[in-house]
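Participant: What would the 3D arrangement of this be:
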Amino acid sequence: MLSLGDLFKAMRQMNLSRVLPAFAAAIVLAGGGAASAASSPRVVLPDGTVRYSYGRLPVPVLECKPGFVCDIALDGGEKVLNMAVGDAARWVIASGESGPGGIPHVFVKPTQTSIDTNLVITTTKHVYDLTLRSTVDAGPSRMSFFYADEDAARKAAIAERERADIALVLSGAPAVGAERADAKYKVAGEPLLVPDKVFNDGVRTFVIWKALPSELPAVVAIAKDGLPQPVNFRVVGASYIIDGVNPNYDLVLAGRKDKHGRSERRASIRHM
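Facilitator: Numbering: from 1, shown residues only. This is a model prediction of the structure:
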């Protein structure tokens, strides 16, 4: 059975993994690690799909066996506008969709071996430039993309909006509205962990310090039966932003025993 300390360590790791970009998670699953990701614009997923970083060189290469169909999966939500292949006489090109969200696919099939050409796909969101290669020794027949730059920009925009939300509430600005900012919380416990302010906007709970603790605690919601439940949160500036609103939270820092013989430090957050 896991000790309470091991449980909180696992929860901290889980929360960190939730903020990893999807492409980094794919790299870990593929066994390549962060170092290989930095030196290569592609990863191979467990199902054999070769996933390329969109917009990075070298140009992605899709190898297909003659007479077999290869699949290029694009970004969810975009629509294929045009497809132009350099050798239309010996390559068959078609498009389709999959899933309820309409993930676009482009299907390619070479009719001969040892032939190369290029394929340009324009969509409502991207322009894809690929090399197609026909060989009898072709490996995985599926290609997809991750969008590292777009993911980073999207996360930065979300973080900036959340920083603005925090600043507005702290200043009492009417843009947030006093009726939305519920700050009726009582905090107690380990002085190094106790936040300076806690409030929720009905959707998220904001835990704010003047400066982050030197060691970041895990967050658990205390259920009605008194048992701790892990929650999803992220660090923005000197704040924790917790997805959801719960009346009772604990901030928990587990580790080696301190000079007082304690192996766990805890601060409580209780809605009044």
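
Participant: quick one, helices of the stretch 101-250 of the chain?
Facilitator: 148-171 (DSSP state H, counting those that start in this stretch).

Participant: What ranges in it fall below the confidence cut-off?
Facilitator: The stretch 101-250 of the chain contains residues with pLDDT under 70 at 140, 165-180.

Participant: residue with max distance from the center of this structure?
Facilitator: Distance from the centre of the chain peaks at Ala89, with 41.4 Å (C-alpha atoms, centre = their mean).

Participant: pretty sure it belongs to a strand, no?
Facilitator: No. Counting by DSSP: H, G, I helix; E, B strand; the rest coil, Ala89 is not found in a strand; it is coil.

Participant: List phi and psi for it.
Facilitator: Note on Ala89: its backbone torsions stand at phi -70, psi -30 [degrees, to the nearest 10].

Participant: That one and Cys70: what is the separation?
Facilitator: 18 Å (C-beta to C-beta, to the nearest Å). In short, each C-beta sits where N, CA and C put it, glycine included.

Participant: swap in Gln112?
Facilitator: 15 Å.

Participant: More neighbours: the two, which one.
Facilitator: The neighbour comparison of Gln112 against Cys70 (other C-beta atoms under 10 Å) goes to Cys70, with 20 against 12.

Participant: which residues touch the more buried one?
Facilitator: 62-64, 107-109, 138, 141-143 (C-beta atoms under 8 Å, 6 or more residues apart in numbering).

Participant: The same query, at a cut-off of 7 Å, please.
Facilitator: Shown in contact with Cys70 (C-beta atoms under 7 Å, 6 or more residues apart in numbering): 62, 64, 108, 141.

Participant: ditto for Pro228
Facilitator: Contacts of Pro228 (C-beta under 7 Å, 6+ apart): 220, 222, 250.

Participant: In strands, which of those fall?
Facilitator: Residues of those located in strands (DSSP state E): 220, 222, 250.

Participant: hang on, the earlier thing: and the contacts of Cys70, which is closest to Leu130?
Facilitator: Comparing these against Leu130 with C-beta to C-beta places Leu62 closest, at 5.9 Å.

Participant: Look up the closest residue to the closest one, ignoring the ones flanking it.
Facilitator: Met143 (5.0 Å; C-beta to C-beta, 6 or more residues apart in numbering).

Participant: The one you found: neighbour count?
Facilitator: Using other C-beta under 10 Å, Met143 has 24 other residues around it.

Participant: ok, it to Thr117 distance?
Facilitator: From Met143 to Thr117 the distance is 15 Å (C-beta to C-beta).

Participant: With Ala181 instead?
Facilitator: Distance from Ala181 to Thr117, by C-beta to C-beta: 59 Å.

Participant: just Ala267 next, same as before
Facilitator: Taking C-beta to C-beta, one finds Ala267 at 63 Å from Thr117.

Participant: Can you give me the pLDDT of Ser98?
Facilitator: pLDDT recorded at Ser98 is 91.

Participant: and which of the contacts of Pro228 is nearest Asp196?
Facilitator: Using C-beta to C-beta, the contacts of Pro228 come closest to Asp196 at Asp250, 17.2 Å.
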